[in-house]
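Chemist: next one to model:
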Amino acid sequence: IAAKAVYNGFNKWIDDLADNALLVGQADTAAALKTARGFTRDMKSLLAPTDASGKLTPAGRRLDTVFNKADSPEAVVDALIPTPANKLRPGDVDALEHMKDLLAKNGAPEAWDDVRLAYWVKMAQNDKGQILSPKLLQNRIDAAFENQRSAIDVLFSKDEQSLMQRL
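Modeler: From the prediction side, this is the model:
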């Protein structure tokens, strides 16, 4: 009960910050705060797959952990998918599939596209946000297709995968 009160207080504080940012003419700051909070709230309410007994599935546990910490598509990708050179962990692909299905069923294709874009950006940039050289990008794409093929199959169509490999 106390944790819920703290969480609700934090959310109220974020809303107050966003409203104050609007009052002083910082619409972009207000929008970013509202978007981040809304993304977390919406995704958390959608993503809680359970088994027949009502317990979270492995993917549900992964998603629950992700959405208690992630507040943007980039944070979702960072939490669910390791860097392209690393293999996927148990629950990563199931979590992505569940997220994709729920977003499609709830008319939120732009949220899914944000996650897909965040994965591509993670693949195409270094830790400082700089675009990789052509050779490094090729290495990252090759590593992702080798180590994370099942996630790529969920995230991207065959045509998109073909374009990525041709790049």
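Chemist: distance check, R166 against M123.
Modeler: 15 Å (Cβ to Cβ, to the nearest Å). Every residue, glycine included, has its C-beta placed from N, CA and C.
Chemist: quick one, which of those two is more surrounded?
Modeler: M123 (20 against 7; other Cβ atoms under 10 Å).
Chemist: which of the helices or strands spans the more buried one?
Modeler: Using DSSP states H and E, M123 sits in helix 109-124.
Chemist: and that helix, what's buried?
Modeler: By neighbour count on 16 or more other Cβ atoms under 10 Å, the buried set for helix 109-124 is A111, W112, D114, V115, R116, A118, Y119, W120, K122, M123, A124.
Chemist: please enumerate residues in contact with the next helix or strand after that helix?
Modeler: Downstream of helix 109-124, the first helix or strand assigned by DSSP H and E is helix 134-147. Here helix 134-147 makes contact (Cβ atoms under 8 Å, 6 or more residues apart in numbering) with 84-88, 123-124, 126, 131-132, 152, 161, 164-165, 167.
Chemist: filter these down to the buried ones, PyMOL style.
Modeler: Selection of buried members from the contacts of helix 134-147 for PyMOL, criterion 16+ other Cβ under 10 Å:
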select buried, resi 84+88+123+124+152+161+164
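Chemist: hang on, the earlier thing: dump the buried residues of helix 109-124 to TSV, plus pLDDT.
Modeler: As requested, the buried residues of helix 109-124 are arranged in TSV below (pLDDT from 0 to 100):
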residue	pLDDT
A111	86
W112	89
D114	89
V115	89
R116	91
A118	89
Y119	90
W120	90
K122	87
M123	87
A124	87
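Chemist: so can I have TSV of those showing distance to D78?
Modeler: TSV is the format used below for these (distance: Cβ to Cβ, whole Å):
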residue	distance to D78
A111	16
W112	17
D114	13
V115	11
R116	14
A118	8
Y119	10
W120	13
K122	7
M123	12
A124	15
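Chemist: sec struct for the residue nearest the centre of the chain, please.
Modeler: Centroid-nearest residue in the chain: V76, 2.6 Å away (criterion: Cα atoms, centre = their mean). Three-state assignment for V76 (DSSP: H, G, I helix; E, B strand; the rest coil): helix.
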